[in-house]
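S.K.: Prediction below, plus the sequence it came from.
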Amino acid sequence: MATLWVGSRKGLFRFERDAAGWQSAGPPAFLAEPVSAFLDDARDGALYVSLYHGHFGCKLHRSDDRGLTWVELPSPAYPRSDAPDAPALEFIWCFAPGGADEPGVLWAGTLPGGLFKSTDRGQTWVLNAALWNVPGREAWFGAGYDHPGVHSICVDPRDSRHIVIAVSIGGVWITRDGGDSWVIGGYGLRNEYMPPDQAQTPEVQDVHLMAACVSDPDRMWAQHHNGIFVSDDGGMNWRESLGVKPSNFGFAVAPHPTDRDRAWFAPAQKDEFRVPVGGRLVVTETRDGGVTFASLSNGLPQGDACDLIYRHALVIDHTGQRLAMGSTTGGLWVSEDQGAHWQLLSAHLPPIACLTFAP
Amino acid sequence: MARVRFTSHLVRHRPAPMIEAAGATVAEVLAAGLAGDDLLRSYVLDEQGRLRKHVAIYLDGTVIADRLRLSDPVAPQSEIYVLQALSGG
């Protein structure tokens, strides 16, 4: 049995795999509500979902019975201020559980540009003031939204106080003291749409998603607006993968959990087009640390496809065997052989924001 | 006391019965009427106390003027409606 959670524009869907194969597990939770982030916490089995209500704000819900019932929790809130332009939560872009030694600790990345921490399973949240006030963040700016946002949170499984985050647009930031202080990383990233003298400024790097190899967290991957980058020192320094075909543009990356040199990407035609190159949807895979890439297409649409894969919609399970991919046009595929073959689970879902395999 | 009614679209997400509360301004009425229900409050106001961007409040038939501080004056028999713009696809 395996479970795949699908966070979509119109609710949280669930697919189950049994001996007969993959199938929908029934109507979605929160039908019609846009899901912006989801977490299946392996430490205690709790589920967290954030909903991005158009009128009533971003809301947070938790389930302690694997989705049978949900309880609404207070959403992260920015500190109170009398300033007319004081920040307020737009939406939660990602969750990350704290370390195995930190039961109840959760992190949430938000717009505008916030990192929140909960120590009580989401019941209360506190904005990380050190990052909010870090020198250099005045250079951040929004990408596709009015404000910058935190979309990637990598907690080091060897040391829960070592956390690396990525911001669109605001680069890569590293703490080694649990968030009390932050330093900028991302040296070697290159943002070619900036003025030439700013292209390598760390604070304006447009990382679309950053993820680490679970068994070797110093190996990190970034699908950047400008291409694919690899780090061997936990996000401080990066090198660019060159000559990636059919495109080095995309949003998502799924690193193999134990093979540090292996990762999958979902390319698109950059950058105002944002559709599969030539209408052919493919996944690219590297097995040599980003030096060479293979294009995987077996089972994926190879003509007139307009599927774009958002940053949290290409995922791999803990075994490293099973991949899932969901698109902006409601396509959902699973591969059970590391991308060699893909199976269409649905072509009729709402736009997909995030996928999660149950741990 | 003023009476506050909420759109059925909000009731879909949270229990939001009609409330009666005293106050000299819309902000005071909502503060009194929603005391103890921070979750419902968060559907109407953001964490800075501002009216949410796509929510509207009608006070005795007129949309309120002050969306930031909700300082519009309220009479004891005022009727307040919390609405939202319809959109989507």
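M.R.: Received the coordinates, thanks. Numbers count the residues shown, from 1 in each chain, chains lettered A, B, ... in the order given.
S.K.: Let's check: the centremost residue of chain A is which one?
M.R.: For chain A, the residue nearest the mean C-alpha position is A:His312 (3.7 Å; Cα atoms, centre = their mean).
S.K.: While we're on that one, how confident is the model there?
M.R.: Reading off the confidence values, A:His312 has pLDDT 98.
S.K.: what's near enough to touch it?
M.R.: The neighbours of A:His312, taking Cβ atoms under 8 Å, 6 or more residues apart in numbering or on different chains as the test, are A:Gly7, A:Ala37, A:Cys94, A:His151, A:Leu209, A:Ala252, A:Ala353, A:Cys354, A:Leu355. From N, CA and C alone the C-beta is placed, and that goes for glycine too.
S.K.: Which ones among the residues you listed lie within strands?
M.R.: A:Gly7, A:Ala37, A:Cys94, A:His151, A:Leu209, A:Ala252, A:Ala353, A:Cys354, A:Leu355 (DSSP state E).
S.K.: how about a markdown table for the residues you listed, with pLDDT added?
M.R.: Compiled in a markdown table, these are given as follows (pLDDT from 0 to 100):
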| residue | pLDDT |
| --- | --- |
| A:Gly7 | 98 |
| A:Ala37 | 98 |
| A:Cys94 | 98 |
| A:His151 | 98 |
| A:Leu209 | 98 |
| A:Ala252 | 98 |
| A:Ala353 | 98 |
| A:Cys354 | 98 |
| A:Leu355 | 98 |
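S.K.: which of the residues you listed are close to chain B?
M.R.: The subset of these within reach of chain B, by Cβ under 8 Å from any Cβ of the partner chain, is empty.
S.K.: Nearest to chain B among those residues?
M.R.: For these, the minimum distance to chain B (Cβ to the nearest Cβ) is 15.7 Å, reached by A:Ala353.
S.K.: Dig out what the nearest residue to the closest one once chain neighbours are set aside forms beta bridges with.
M.R.: Distances taken as Cβ to Cβ, 6 or more residues apart in numbering or on different chains put A:Gly7 closest to A:Ala353, at 5.0 Å, once the chain neighbours are dropped. The bridge-partner assignment for A:Gly7, based on DSSP bridges, gives A:Leu12, A:Cys354.
S.K.: Which residues are in contact with A:Gly7?
M.R.: Contacts for A:Gly7 (Cβ under 8 Å, 6+ apart) come out as A:Val35, A:Ser36, A:Ala37, A:Phe38, A:Val49, A:His312, A:Ile352, A:Ala353, A:Cys354, A:Leu355, A:Thr356.
S.K.: For beta bridges, what are the partners of the first one?
M.R.: By that I understand A:Val35. Beta-bridge partners of A:Val35, as defined by DSSP bridges: A:Leu51.
S.K.: what about it, how many neighbours?
M.R.: For A:Val35, the neighbour count with other Cβ atoms under 10 Å in any protein chain shown is 25.
S.K.: Buried subset of the contacts of A:Gly7 as a ChimeraX selection?
M.R.: Filtering the contacts of A:Gly7 down to the buried ones (16 or more other Cβ atoms under 10 Å in any protein chain shown) takes a single ChimeraX command:
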select /A:35,36,37,38,49,312,352,353,354,355,356
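S.K.: For the residue of chain A positioned farthest from its centre, list the residues it contacts.
M.R.: Relative to the mean C-alpha coordinate of chain A, counting by Cα atoms, centre = their mean, the farthest residue is A:Asp82 (33.0 Å). Contact partners of A:Asp82, counting by Cβ under 8 Å, 6+ apart, are absent.
S.K.: The lowest-mean-pLDDT helix or strand in chain B near chain A at all?
M.R.: Within chain B, no helix or strand scores below helix B:8-11, which has a mean of 90 by mean pLDDT, DSSP states H and E. Yes. Contact between helix B:8-11 and chain A, assessed by Cβ under 8 Å from any Cβ, occurs at B:His9, B:Leu10.
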